[in-house]
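> got a predicted structure plus its sequence, pasted below:
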Amino acid sequence: MRGIQCICCITACYLFSAGLYGQQKITIQGMSFTYSIEKEALRCTLQAKTNGWVGVGFNSKNSIVGSDLLLFNIVNDQASGVDLYVKSAGNPKNDDKIGGKSTFKILQAKEIDDTTMVQFTIPLNSSDPYDFIHKVGEQYWIILAYSVSDDFGHHSRVRKHLPFTLEGVH
């Protein structure tokens, strides 16, 4: 176990920690993203202090434009999600509608009190031109966000872009 490192960005401080069994975790402003690599996929847990949607995005640059964005919500105890590609500012497009495909699989989800949690898997490389290719050891940007609404069209209340390096299991 590597311990906890505090990595300070210009506007915020977030925690990155290596957990048991190769799990990695990022925590910032009431949001957390935990992942482990399992075969050719990322097994992820996304959680935030909200009863609205939670989201994670991946991009090679510090921008929402060009990102592979996954949003999840829970309505009437049923989890759903969308796999989006952000073509331009304020213009996310559903992968299914622009020639791509939805590539996540929801494993479990729950909303307890003021917290929404979703566990899901995504392929490291889905071969979908609108999905991010996750490579161990390379630095890219992760985007964590949440909304106060379950409506995927509702803008985020909090959105943070963080430099990120996908760590493999040793």
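Everything's here; your move.
> beta partners of the most centrally placed residue in the chain?
Closest to where the C-alpha atoms of the chain average out (CA atoms, centre = their mean) is V56, at 2.3 Å. Beta-bridge partners recorded for V56 (DSSP bridges): L70, L144.
> surely it is in contact with H134?
No - with contact defined as CB atoms under 8 Å, V56 does not reach H134; the gap is 11.8 Å. C-beta: built from backbone N, CA, C; applies to glycine.
> need the contact list for the residue nearest to the centre of the chain.
For V56, the contact set (CB atoms under 8 Å, 6 or more residues apart in numbering) comprises 33, 44, 46, 69-70, 142-145.
> equivalent analysis for S60, please.
66, 132, 140-141.
> so which of those wins on neighbours?
The residue in the contacts of S60 with the most neighbours, by other CB atoms under 10 Å, is F132 (23 neighbours).
> per-residue pLDDT, that residue?
Looking at F132, its pLDDT reads 97.
> and Q24, by the same measure?
Taking Q24 on its own, its pLDDT is 87.
> now do the SS call for F120.
strand (DSSP: H, G, I helix; E, B strand; the rest coil).
> surely it meets L46?
Yes - in this structure, F120 is within contact of L46 by CB under 8 Å, at 7.5 Å.
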